[in-house]
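Chemist: Provided below for reference: sequence and predicted model.
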Amino acid sequence: MKKIDYWDLADSERLYYTSVNEAVEEILKNLQEEEKEIPSVLTLTGFTKMKPDVKNEAICVLNNFLESLDWTFSYYDDVYTEPTERMKKAAEKFVREVLKDYEVSNYVPVCTKEVNIKRWIKRHPDWDK
């Protein structure tokens with residue numbers, strides 16, 4: 001199983017909780033503050049950081065670059081430059097280098113976990129202090 005970066009409710013707009021216990025505690029506190037009923041079971045979703053596909057990103061970069069070159073430097077409007085193997089390899093190398101410094105900030109759901117709230121509260125009696 002992949003390392004889970006964040007745990008939260010599936011419909012959360014922002015991800016804050018890096019452990020199941022932290023997520024449960026904060027969600028329960030929020031429910032109390034909003035005076036909402038605490039469920040008997042809480043379904044958490046585990047999220048991991050998205051991983052860019054180097055080959056697909058390289059194809060996109062290369063196609064956009066070739067289109068720009070053809071637009072600016074080609075005499076023929078209906079002839080498009082096809083990428084060569086050398087161009088494809090160079091584009092992949094470029095994308096790999098860029099990704100070394102690029103910070104991915106999107107996450108995808110990869111699993112769910114059911115938490116029995118009564119059992120969790122018994123194990124964490126001081127959760128609301």
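Modeler: Thanks, I have it.
Chemist: helices and strands around the longest helix seen in the chain, which ones?
Modeler: Longest helix in the chain, counting residues (DSSP state H): helix 54-73. If you count contacts as 3 or more CB pairs under 8 Å, 6 or more residues apart in numbering; DSSP states H and E, helix 54-73 packs onto helix 85-101. All C-beta atoms are positioned from the backbone trio N, CA, C, and that covers glycine.
Chemist: helices or strands next to the helix it packs on in the packing?
Modeler: In this structure, helix 85-101 makes packing contacts with helix 54-73, judged by 3+ CB pairs under 8 Å, 6+ apart.
Chemist: which residue is nearest the middle of this protein?
Modeler: With distances taken as CA atoms, centre = their mean, residue 107 lies nearest the centre of the chain, 1.5 Å away.
Chemist: now do the contacts for it.
Modeler: By CB atoms under 8 Å, 6 or more residues apart in numbering, the residues touching residue 107 are 5, 6, 15, 47, 48, 49, 50.
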